[in-house]
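> Pasting a predicted model and its sequence here:
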Amino acid sequence: MAAFNEKMQNFRKKAEVFGLKFYMWPYWFYYQNKRFRESYWPAFLKNNDKKNFFTILKEIWILTLYWKCLPHHYFRYSLYRKNFDFKTILNYIPESVVYYKILPKINSYHILLDDKNLFENILKSNNLPTPNTLLKIRKGLILNKNNHPISSEKEIEKILNKTEVSKIFLKPADCGSGGEEIILFRKKRKKYFSNDCKKLSLKMLKEKVNTDWIIQEGIENTRSLKKIHPSSLNTFRVMTFFYPQKGAKVIYAILKVGNNNAYTDNAHTGGIYIGVNLATGKLMNKGFNEDLKEYTSHPLTNYDFRNKKIKHFEKIIKIAERAGNLFPYLTFIGWDIALTNDGPIILEGNSSPGLTIIQRTCGGIKKFYNLANDIIKNNYLQK
């Protein structure tokens with residue numbers, strides 16, 4: 001649904017938004033009901049801690065009237081459980097409210113984040129650390145990191161021979177793909193090969209010129225973060241909110257860790273998410289996967305999440321707020337930040353960040369909802 005969310009932000013007029021909603025509604029309806037059938041409904045049937053049938057019906061009816069949409073999130077976050085009173089339930093915001101009613105009004109110029117090539121240039125010009133870029137594919141051209149065209153295999157080899165890292169990543173240069181389209185190349189005999197044994201070469205890159213890509217060196221976690229899941233780069237999703245007269249401030253943070261020996265930490269590749277206490281830098285007691293299964297420790301490494309303090313977490317907060325201040329017309333941004341031995345490195349910024357992992361780990365996003373409505377109500381973005 002990321003592409004749909006991005007399209008919605010391109011439209012500001014009510015007629016245009018209505019037209020796009022009408023056109024995309026079948027896709028949204030299909031997606032929501034597919035998730036409901038495959039995940040939420042089976043989890044509901046298996047749950048032994050549900051409220052009684054009439055209470056559940058009553059809450060669904062009230063939420064439908066309150067939010068003016070079908071409350072899929074009631075099942076997504078298992079809000080039918082007995083420990084969720086109705087006041088707590090209202091802390092969880094439907095995705096359709098955020099993506100189609102709020103973000104289009106408060107997140108302008110999202111191309112600055114969604115185009116990774118442009119995004120990288122902005123950060124580097126402001127001395128913010130990003131992964132080292134080796135090559136780019138833009139508008140059908142293969143370029144080096146300085147945007148000079150590459151025309152021969154020798155030029156590719158010369159660039160790759162200079163890098164000493166063991167891993168290189170080929171990533172889509174448009175909005176986030178959830179890790180599904182990222183291609184990993186590992187160094188073997190001074191060459192880089194993908195998991196299906198394709199060599200990183202000019203010929204291979206020419207097969208990709210129909211879309212934009214960016215090729216970057218892999219980076220390594222600190223030793224303490226590697227312990228959680230060594231196969232992946234474990235990163236932080238840090239949410240900033242740009243306050244008028246105050247600037248960007250972090251309002252939520254989670255740690256994303258890989259699973260099943262995958263090399264990414266994304267939800268779609270089995271990742272686990274743990275909330276981080278902003279005041280203490282300590283992990284929450286429970287982590288969750290995409291299907292909201294709960295973990296107090298990592299299922300592969302047995303790393304115990306409970307009450308673990310993240311070293312140098314204050315550096316992550318500082319760099320996220322510095323980056324957020326560069327984009328005053330993007331009020332709500334989800335930053336992916338890696339913590340390395342050299343300090344934090346910004347991987348990307350998301351103008352339409354996934355909500356499931358944030359709401360589940362942070363107990364909803366009512367704080368964001370109230371802040372955003374205050375921005376809209378007082379028309380701060382027009383001042």
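Noted; the coordinates are in hand.
> drop to CA atoms for contacts and neighbour counts, all remaining ones
Will do.
> can you give me the strands for the stretch 201-350 of the chain?
213-217, 235-243, 247-257, 272-276, 283-288, 294-295, 332-340, 343-350 (DSSP state E, counting those that start in this stretch).
> closest to Ile56 out of these?
Of all these, strand 294-295 sits nearest to Ile56, with 22.4 Å by CA to CA.
> From the rest of the structure, what touches that closest one?
Lys286, Gly287, Phe288 (CA atoms under 8 Å, 6 or more residues apart in numbering).
> Let me know which of the strands of the stretch 201-350 of the chain is tucked in deepest.
strand 272-276 (a mean of 28; mean count of other CA atoms under 10 Å).
> Pull up the pairing partners for that strand, direction included.
Here strand 272-276 has these sheet partners by DSSP bridges: strand 247-257 (antiparallel), strand 283-288 (antiparallel).
> Give the buried residues for stretch 65-77.
The neighbour-count check on stretch 65-77 (16 or more other CA atoms under 10 Å) flags Pro71, His72, His73, Tyr74, Phe75, Arg76, Tyr77 as buried.
> If you drop the residues flanking it in sequence, what lies closest to the first one?
Take Pro71 and drop its neighbours on the chain: the residue closest to it by CA to CA, 6 or more residues apart in numbering is Thr64, 5.9 Å away.
> Pretty sure the one you found sits against Leu70.
Yes. Using CA atoms under 8 Å, Thr64 is in contact with Leu70, at 5.5 Å.
> Distance-wise, check Ser166 relative to Lys116.
Ser166 sits 22 Å away from Lys116, going by CA to CA, to the nearest Å.
> more neighbours, the two?
Lys116 (24 against 15; other CA atoms under 10 Å).
> check contacts around that one.
Ala173, Asp174, Cys175, Ile214, Glu348.
> got the end-to-end distance for stretch 300-312?
25 Å.
> ah, wrong one, I meant stretch 154-170
End residues of stretch 154-170 are separated by 19 Å (CA to CA).
> Can I take it that the residue nearest to Pro71 is in a strand?
No. With DSSP: H, G, I helix; E, B strand; the rest coil as the criterion, Thr64 is located in helix rather than a strand.
> re the thing from before, can I get the strands paired with strand 272-276 in TSV including distance to Asn144?
Below are the strands paired with strand 272-276 laid out as TSV (distance: least, CA to CA, whole Å):
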stretch	distance to Asn144
strand 247-257	31
strand 283-288	39
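> Among those, single out whichever gets nearest to Thr222.
Comparing those by CA to CA, strand 247-257 comes nearest, at 13.1 Å.
> angle of that closest one against strand 332-340?
50 degrees (axes from the mean of the first three to the mean of the last three CA atoms, to 10 degrees).
> Just the mean pLDDT for strand 247-257, thanks.
Strand 247-257 comes out with an average pLDDT of 98.
> Same question for stretch 205-214.
90.
> Can you name the residues in contact with it?
116-117, 133, 135-142, 170-174.
> For that stretch, list the C-alpha coordinates in PDB.
Listed next in PDB are the C-alpha coordinates belonging to stretch 205-214 (Å, rounded to 0.1, in the frame of the first residue of the first chain):
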ATOM      1  CA  LEU A 205      22.900  -2.900 -14.100                       C
ATOM      2  CA  LYS A 206      21.700  -2.200 -17.700                       C
ATOM      3  CA  GLU A 207      18.900  -4.700 -17.000                       C
ATOM      4  CA  LYS A 208      17.700  -2.300 -14.300                       C
ATOM      5  CA  VAL A 209      17.700   1.000 -16.200                       C
ATOM      6  CA  ASN A 210      13.900   1.100 -16.500                       C
ATOM      7  CA  THR A 211      13.700   2.300 -12.900                       C
ATOM      8  CA  ASP A 212      15.900   4.300 -10.600                       C
ATOM      9  CA  TRP A 213      18.300   2.500  -8.200                       C
ATOM     10  CA  ILE A 214      21.100   3.400  -5.800                       C
END
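> list the buried ones in that stretch?
Leu205, Lys208, Val209, Asp212, Trp213, Ile214.
> Throw the residues you listed into CSV and include distance to Asn370, thanks.
Output for the buried residues of stretch 205-214, formatted as CSV (distance: CA to CA, whole Å):
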residue, distance to Asn370
Leu205, 46
Lys208, 43
Val209, 43
Asp212, 37
Trp213, 37
Ile214, 37
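> with the residues you listed in mind, which one is nearest to Ser151?
Leu205 (11.2 Å).
> Secondary structure class of Tyr369, three-state.
Per three-state DSSP, Tyr369 ends up helix.
> where's it relative to Ile375, distance?
Tyr369 is 10 Å from Ile375, by CA to CA.
> Between these two, which is the more surrounded one?
Ile375 (19 against 16).
> I'd say Trp41 and His73 touch.
No. Using CA under 8 Å, Trp41 makes no contact with His73, being 11.9 Å away.
> about what we covered before: quick check: of the contacts of stretch 205-214, which has the highest neighbour count?
Lys136 (30 neighbours).
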